[in-house]
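K.L.:
Here's a sequence, model it:
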Amino acid sequence: MMVNYPLRVYRFYADGFRRMTVGKTLWKIILIKLFVMFAVLKIFFFPNYLKTNFSTDQQRADHVIEQLTRSVKNN
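P.N.:
Below you'll find the model as predicted:
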């Protein structure tokens, strides 16, 4: 019985998604919003700080280590 359980769950959800009418439109809206949040907002609001302010990987690594351990040193 446990062997068929994952297959039954998959068929349940697949059949439910196939029969959706309003749900398909809602899923499209959700996917568009996720794309906007992760792709568009990242480009405009989250620039690559390390790439623009440091020229080598070693400088970037040193900066990250300094930022991570700074609060430990101050205590």
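
K.L.:
where does this structure have low pLDDT?
P.N.:
Across the chain, the ranges flagged by pLDDT under 70 are 1-2, 71-75.

K.L.:
Now do the longest helix seen in it: which elements does it pack against?
P.N.:
Secondary structure assigned by DSSP state H gives helix 57-74 as the longest helix of the chain. Contacts defined by 3 or more Cβ pairs under 8 Å, 6 or more residues apart in numbering; DSSP states H and E place helix 57-74 against helix 49-53. Just so you know, the C-beta spots here come from the backbone N, C-alpha and C atoms, and that holds for glycine as well.

K.L.:
Pull out the buried positions in the helix it packs on.
P.N.:
Buried residues in helix 49-53, counted by 16 or more other Cβ atoms under 10 Å: none are found.

K.L.:
just how off-centre is the longest helix of the chain within its chain?
P.N.:
Counting by Cα atoms, centre = their mean, to the nearest Å, helix 57-74 is centred 25 Å from the centre of its parent chain.

K.L.:
let's number from 16 now, not from 1
P.N.:
Sure thing, new numbering starts at 16, so read that last one as helix 72-89.

K.L.:
Identify all contacting residues around that helix.
P.N.:
Outside of helix 72-89, the residues within contact range by Cβ atoms under 8 Å, 6 or more residues apart in numbering are L65, K66, N68, F69.
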